[in-house]
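S.K.: dropping the sequence and predicted coords here.
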Amino acid sequence: MSASTRNGQHQQHQNMIPLGELLKREADDEKVENPEVTHGQANHSKKGEDFTMVKTDCERLTGDGSATFSVFAIFDGHNGTAAATYTRENLLNNVLGAIPSDLNRHEWLAALPRALVAGFVKTDKDFQERGQTSGTTVTFVIVDGWVVSVASVGDSRCVLESAEGSIYLLSADHRLDCNEEEVQRVTACGGEVGRLNTGGGAAIGPLRCWPGGLCLSRSIGDMDVGEFIVPVPHVKQVQLSTAGGRLIISSDGVWDALSPEAAVSGCHGMPPDTAAAKVVKDAVQYKGLRDDTTCIVVDILPPEKVEHPAPPSKKQGKGVLKSIFRKRTSDSHALEKDYSEPDVVKELYEEGSAMLAERLDTNYPLSMAFKLFTCAVCQLEMKPTEGISVHASSSDTANFCLWRGPFLCSSCLSKKEAMEGKRVSDGGSSSGSASE
Ligand SMILES: [Zn+2]
């Protein structure tokens, strides 16, 4: 079953994890007890468009009660609730459906970033096929042992406070107003970005994308705004030290009123349900109830420490938002590093590109675990001749990458090209796609 027994194609043996290393890691894992994960949530509603999802008993392997993980998510809907409720119902299944079966825990965690991208895009595509308007932000958090994986589109956020007292932002901010890179991407794909024009020549409010006037550059749904508002999530994966930490997941109703530092310090020492209520109360008190204001607090603590002590204040850098993570790491071998530094939050993965060719590709040796002739987005099984390489584009048929997986079905390829502003065969509206 190991790849080294395969014939034919040249295998990159230097990328393989030696069996001894794998066994050592499994042994290390058993030595480190799993954390106690507790949570609480609170909401003060104005429009009724914020939704949450909490599942604490998900199984990596069906029927194996020992391989469990938890999911915590916030969906902040706009222009209706259909996209938010549809995503809450379907996203997790779509993500899990994109992970090959029979992976060990390390492989499962390494496969997760790509599966999150596939699951988000499939959910968006399926929802759009229902022809309903509305859209939603998604902040989707998977806690597996001490590893936290966050996938996000839109402007809800996930903040981590480590037990050492440092604060990390685990989600991206896809507001056009504060993300120049996204403004450029949307513009390059044919969207127009500008402020609301009141008619008298004065432009007011945040940057918006036209047509539609959405302030976000990524979301699920929003088919009426344009395909360049993409569902491809920013994904960040970190490993906490065995001292643990606290996650604060909130909609923009909280973050428009409170800085991450203020949210964290305002609920120190409180159990998660009280903490979540305090964050919502602080936000509403500060700005008034201007928007749906929702918060989930998740504590990830060593089993003996569930008493929620205030974190030590002696450490340097406490209470200051840290952005020490490398901007982009395609270092898919980060999981191979050993666990020799117990006291720091370790980044395992971060990627935010909107390009599916970058997000669905993988250099990780387990790439052969993904079935070659299955659509990398919707998991449709295809005949070998049906799949189209994710590296292909209709204007670039001579590219040698055409023969390289992962592959997409024609429907998902069409979705990809639309998201990248390249759709040419869209029922006659093919004019004006000459921006390249
Ligand atoms: Zn597909």
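M.R.: Yep, that arrived. Source: prediction; values computed, not measured. Numbering: from 1, shown residues only.
S.K.: could you check which helix or strand contains the spatially most central residue of the chain?
M.R.: Centroid-nearest residue in the chain: residue 151, 1.0 Å away (criterion: Cα atoms, centre = their mean). Element membership for residue 151 (DSSP states H and E) is strand 147-153.
S.K.: other SSEs contacting that strand?
M.R.: helix 105-129, strand 135-144, strand 157-162, strand 234-239 (3 or more Cβ pairs under 8 Å, 6 or more residues apart in numbering; DSSP states H and E). Backbone N, C-alpha and C define where each C-beta goes, glycine included.
S.K.: how far off helix 105-129 does the second one point, in degrees?
M.R.: If you take axes from the mean of the first three to the mean of the last three Cα atoms, to 10 degrees, strand 135-144 sits at 160 degrees to helix 105-129.
S.K.: how far is strand 135-144 from where the chain is centred?
M.R.: 6 Å (Cα atoms, centre = their mean, to the nearest Å).
S.K.: show me the strands paired with it, marking each as parallel or antiparallel.
M.R.: Note on strand 135-144: by DSSP bridges, its sheet partners are strand 68-78 (antiparallel), strand 147-153 (antiparallel), strand 220-221 (antiparallel).
S.K.: quick one: which of these is nearest residue 239?
M.R.: Residue 239 sits nearest to strand 147-153 of all the strands paired with strand 135-144, at 5.0 Å, using Cβ to Cβ.
S.K.: what sits up against that closest one?
M.R.: With contacts defined as Cβ atoms under 8 Å, 6 or more residues apart in numbering, strand 147-153 is touched by 109, 112-113, 116-117, 120, 137-142, 158, 160, 170-172, 174, 216, 218-220, 230-240, 247, 300, 348-349.
S.K.: can you show me the CA trace of the strand holding residue 151 as PDB?
M.R.: Once non-C-alpha atoms are left out, strand 147-153 reads as follows in PDB (Å, rounded to 0.1, in the frame of the first residue of the first chain):
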ATOM      1  CA  VAL A 147      -4.500  21.600  16.100                       C
ATOM      2  CA  VAL A 148      -6.900  24.400  15.000                       C
ATOM      3  CA  SER A 149      -7.800  24.800  11.400                       C
ATOM      4  CA  VAL A 150      -9.700  28.000  10.300                       C
ATOM      5  CA  ALA A 151     -11.300  28.600   6.900                       C
ATOM      6  CA  SER A 152     -12.900  31.900   6.300                       C
ATOM      7  CA  VAL A 153     -14.600  34.100   3.700                       C
END
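S.K.: the chain: helices as residue ranges?
M.R.: Assigned by DSSP state H, the helices in the chain fall at 19-31, 82-96, 105-129, 180-188, 252-255, 260-266, 272-287, 356-360, 410-419.
S.K.: so for residue 49, which of these sits nearest?
M.R.: Using Cβ to Cβ, the helices of the chain put helix 82-96 closest to residue 49, at 6.4 Å.
S.K.: in that closest one, what's buried?
M.R.: If you call a residue buried by 16 or more other Cβ atoms under 10 Å, then helix 82-96 has these buried ones: 82-88, 90-92, 94-96.
S.K.: for residue 39, give the beta-bridge partners.
M.R.: Bridge pairing for residue 39 - DSSP bridges - gives residue 298.
S.K.: pretty sure it sits against residue 296.
M.R.: Yes - assessed by Cβ atoms under 8 Å, residue 39 is found in contact with residue 296 at 6.2 Å.
S.K.: for those two, list the residues in contact with both.
M.R.: 54, 72.
S.K.: who has more neighbours out of these two?
M.R.: Here residue 39 and residue 296 are compared on neighbour count by other Cβ atoms under 10 Å; more neighbours surround residue 296, at 27 against 20.
S.K.: how close does that one get to residue 151?
M.R.: Distance, residue 296 to residue 151, by Cβ to Cβ, to the nearest Å: 15 Å.
S.K.: got the residues of this protein near the ion?
M.R.: Within the chain, the residues that sit near the ion (Cβ under 5 Å from the ion) are 375, 377, 378, 380, 409, 412.
S.K.: excluding its backbone neighbours, what's nearest residue 163?
M.R.: residue 243 (3.5 Å; Cβ to Cβ, 6 or more residues apart in numbering).
S.K.: what is the nearest of the buried residues of helix 82-96 to residue 46?
M.R.: For the buried residues of helix 82-96, the nearest to residue 46 is residue 84 (14.7 Å; Cβ to Cβ).
S.K.: which of the residues of the chain next to the ion sits closest to residue 421?
M.R.: Using Cβ to Cβ, the residues of the chain next to the ion come closest to residue 421 at residue 412, 16.5 Å.
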